[in-house]
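Visitor: Turn this into a structure:
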Amino acid sequence: MAAQVGSGIQVDYTRLARIREALEAFPPKVRLSVNRDLRQAGTAVTSEAAGRVRALATRGTGETARSYRTQVRARGIRIVSKARGGSILEFAGKVNPAGKTVQGASLIRTLNERYGPPGRILWAAWDKRAVEVNARITATVEAAERMLQSSLGKV
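Guide: The predicted structure is shown next:
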């Protein structure tokens, strides 16, 4: 289930939490491999978001476009923007839609008019790539489950 958190999107998978616990008994290389595969699954969304930023904005978007990252969490992945400007672009107006100042209200109004409501880039990227990301994460979890099952048979 995808949810908006802080400056990004978090996707939790219940099977993943159990797999990660079971992988604690294995060499660190195995866990690192699973984490790498999970991060790579999120690159579809981060690439889509970066491309959308480049397409929508006219200048000064390099840092924002490069700022999207996939973080591996205990229960899933989190896709975030690590740049201050990217976070403002994404979520200005989420907590206080009217803004706290005249300038803030103007910024939020302009961003909403040009790019849509808060979650402007990431949610559109997620909607476009969710099926692909979910399929890759499911494949990663199933591969880890097969590896765990085969190792139990060898004991």
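Visitor: Could you use CA atoms for every contact and neighbour count after this?
Guide: Noted.
Visitor: Show me what the strand or helix carrying Lys128 is packed up against.
Guide: In this assignment (DSSP states H and E), Lys128 forms part of helix 122-154. Applying 3 or more Cα pairs under 8 Å, 6 or more residues apart in numbering; DSSP states H and E, we find helix 122-154 packed against strand 8-12, helix 14-22, helix 28-56.
Visitor: and those, which is most packed in?
Guide: Most buried of the helices and strands packed on helix 122-154 by mean neighbour count (mean count of other Cα atoms under 10 Å) is strand 8-12; its value is a mean of 20.
Visitor: what's the average pLDDT for it?
Guide: Mean per-residue pLDDT for strand 8-12: 69.
Visitor: Tabulate the helices and strands packed on helix 122-154 (CSV), appending distance to Gln71.
Guide: Shown next, in CSV, are these (distance: least, Cα to Cα, whole Å):
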stretch, distance to Gln71
strand 8-12, 9
helix 14-22, 14
helix 28-56, 7
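Visitor: Roughly how far does Asn69 sit from Ala50?
Guide: Small correction: residue 69 is Arg, not Asn. 10 Å (Cα to Cα, to the nearest Å).
Visitor: To Gln149, which of the helices and strands packed on helix 122-154 lies closest?
Guide: Taking Cα to Cα, helix 14-22 is the member of the helices and strands packed on helix 122-154 nearest to Gln149, at 10.6 Å.
Visitor: the inter-axis angle of the closest one versus helix 122-154?
Guide: Orientation of helix 14-22 against helix 122-154 (axes from the mean of the first three to the mean of the last three Cα atoms, to 10 degrees) gives an angle of 50 degrees.
Visitor: tilt between helix 14-22 and helix 28-56?
Guide: Helix 14-22 and helix 28-56 are oriented at 140 degrees to each other (the same axes, to 10 degrees).
Visitor: Which strands and helices lie in contact with helix 14-22?
Guide: Secondary elements touching helix 14-22 (3+ Cα pairs under 8 Å, 6+ apart): helix 122-154.
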